[in-house]
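Visitor: Need a 3D model of the sequence below.
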Amino acid sequence: MPVVPAAWAQDVNIPYVAPRPANTLVMLPDGSTVHVELATTPAEQAYGLMGRTSLPEGRGMLFVHDDMARHAYWMYHCKIGLDIVWMDAAHSIVEMSPDTPPCRGKSTTCPSYGGKMPSEYVLELPVGTIGKHHLAVGERVEFQLP
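Guide: Reported below is the predicted structural model:
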């Protein structure tokens, strides 16, 4: 999930957002597909995959940002590790964080990941997906937004 504004970082009670249907299809460069939930609103993006105890293979969450910017993410209140993939406006991979660990501490102790390159989309996937599908910076991920 994206790093929330500093004011929120002190507030450990990020409002709950119910899981959304995973009805958007993403095609990875090797042709395999992933069914993703979309996180498009600030509330959906702040909550992300918090509280999930598993993320099955072939599932994920796609964060759709309003702008190309350096979007750092953190794993606050996450219970599972994730592979995280940042993409530009053309859906090309610009940055990756494989096997990103959950943060079990206070919000102030959670490190942030990524955000070194401008991106517009961020894809969170089960741990091992980056390696299993040999994802690499520069490759293109295919998807159409509703």
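Visitor: Quick check: beta-bridge partners of the residue nearest to the spatial centre of the chain?
Guide: In the chain, the residue lying closest to the centroid (C-alpha atoms, centre = their mean) is residue 124, at 3.4 Å. As for beta bridges, residue 124 partners with residue 61, residue 84 under DSSP bridges.
Visitor: So it versus residue 100, what's the distance?
Guide: According to C-beta to C-beta, to the nearest Å, residue 124 and residue 100 sit 9 Å apart. To be clear about C-beta, it is placed using only N, CA and C from the backbone, and glycine gets the same treatment.
Visitor: Count the neighbours of residue 116 for me.
Guide: By other C-beta atoms under 10 Å, the residues close to residue 116 number 11.
Visitor: All the helices of this protein, residue numbers only.
Guide: Using DSSP state H, the helices of the chain run over 6-9, 42-47, 129-132.
Visitor: burial measure for residue 107, as a count.
Guide: Residues lying near residue 107 (other C-beta under 10 Å) number 17.
Visitor: quick one: it and residue 76 touch, right?
Guide: Yes: Residue 107 lies in contact with residue 76 (C-beta atoms under 8 Å); the separation is 5.2 Å.
Visitor: follow-up on the earlier one: now the helices of the chain in JSON lines, with mean neighbour count?
Guide: Formatted as JSON lines, the helices of the chain follow (neighbours: other C-beta atoms under 10 Å):
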{"stretch": "helix 6-9", "mean neighbour count": "11"}
{"stretch": "helix 42-47", "mean neighbour count": "17"}
{"stretch": "helix 129-132", "mean neighbour count": "18"}
